[in-house]
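> Return atomic coordinates for the entry below.
(2 chains)
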Amino acid sequence: EAGVVQSPRYKIIEKKQPVAFWCNPISGHNTLYWYLQNLGQGPELLIRYENEEAVDDSQLPKDRFSAERLKGVDSTLKIQPAELGDSAVYLCASSLAGRGYEQYFGPGTRLTVT
Amino acid sequence: RKEVEQDPGPFNVPEGATVAFNCTYSNSASQSFFWYRQDCRKEPKLLMSVYSSGNEDGRFTAQLNRASQYISLLIRDSKLSDSATYLCVLSSNTGKLIFGQGTTLQVKP
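Numbers count the residues shown, from 1 in each chain, chains lettered A, B, ... in the order given. Model prediction:
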């Protein structure tokens, strides 16, 4: 069975440029998460989707970050404009309904903003 | 104060050693607890859940002390392949997972 797929794996952009990350969760997983992980820190939740509904986006910096999961399957996270402090690994995870403790993570997108 | 606190380490131990990590949490309403493992430059993966009665999975033992608000992970007979970062994780009453910063373990030959 395929795991969580993310692309791109690496992205280098200049500050003030836009960037987008894509995630395809495990088939049948209706819950999808976007996390940010800084070096030496644990993942921090940005947004959680139950199907196509964002049920927890309290940690998403809405002035520059946006996310969508239009058909309740794959999802896109966008940053516009990017800042130097956005350099981090962006992880996508998915889980079955009712099993949010068992999250399956994708390999992440390593973003460098110069 | 962080919701989940861990000693980042690194813990450097020889093969075959027993090593223990502790983690403290601040929110007494936290519902469930877990340990995730993250290899260098890889994604986190669920290692095991943590129950008040304690639970064991092979060489790994996890325990929860709700009164003192800490959880622990004990690894016996350490292997080189155990080298990784171990993330202490709690689940809030809304189901949100909150990760600690992780404790790095290096097992040396």
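> Who are the packing partners of the host helix or strand of B:Ile71?
Using DSSP states H and E, B:Ile71 sits in strand B:70-75. Secondary-structure packing of strand B:70-75 (3 or more CB pairs under 8 Å, 6 or more residues apart in numbering or on different chains; DSSP states H and E): strand B:19-25, strand B:32-38, strand B:60-65, strand B:84-91. Just so you know, the C-beta spots here come from the backbone N, C-alpha and C atoms, and that holds for glycine as well.
> Just checking: what are the partner strands of the second one?
This points to strand B:32-38. Here strand B:32-38 has these sheet partners by DSSP bridges: strand B:44-50 (antiparallel), strand B:84-91 (antiparallel).
> Buried deepest among the ones you listed, which one?
strand B:84-91 (a mean of 24; mean count of other CB atoms under 10 Å in any protein chain shown).
> could you give the angle of that strand to strand B:19-25?
30 degrees (axes from the mean of the first three to the mean of the last three CA atoms, to 10 degrees).
> Show the average pLDDT along strand B:84-91.
Throughout strand B:84-91, pLDDT has a mean value of 95.
> Can you mark which positions in the very next helix or strand once past it are buried?
Counting by DSSP H and E, the next helix or strand C-terminal to strand B:84-91 is strand B:97-99. Applying a neighbour-count criterion of 16 or more other CB atoms under 10 Å in any protein chain shown, the buried positions in strand B:97-99 are B:97-99.
> which strand residues sit across from the most centrally placed residue in chain A in the sheet?
What sits nearest the mean C-alpha location of chain A, by CA atoms, centre = their mean, is A:Trp34, with 3.0 Å. Counting by DSSP bridges, A:Trp34 is bridged to A:Ile47, A:Cys92.
> and B:Ser26, how many neighbours?
Neighbour count for B:Ser26, taken as other CB atoms under 10 Å in any protein chain shown: 12.
> tell me the pLDDT at it?
Model confidence at B:Ser26 (pLDDT) stands at 92.
> quick one: it and B:Leu87, what's the gap?
B:Ser26 is 17 Å from B:Leu87, where distance means CB to CB, to the nearest Å.
> A:Ser7 too?
Taken as CB to CB, the span from A:Ser7 to B:Leu87 is 24 Å.
> quick revisit: A:Leu46 is in contact with the residue nearest to the centre of chain A, correct?
Yes: here A:Trp34 reaches A:Leu46: they are 4.5 Å apart, a contact under CB atoms under 8 Å.
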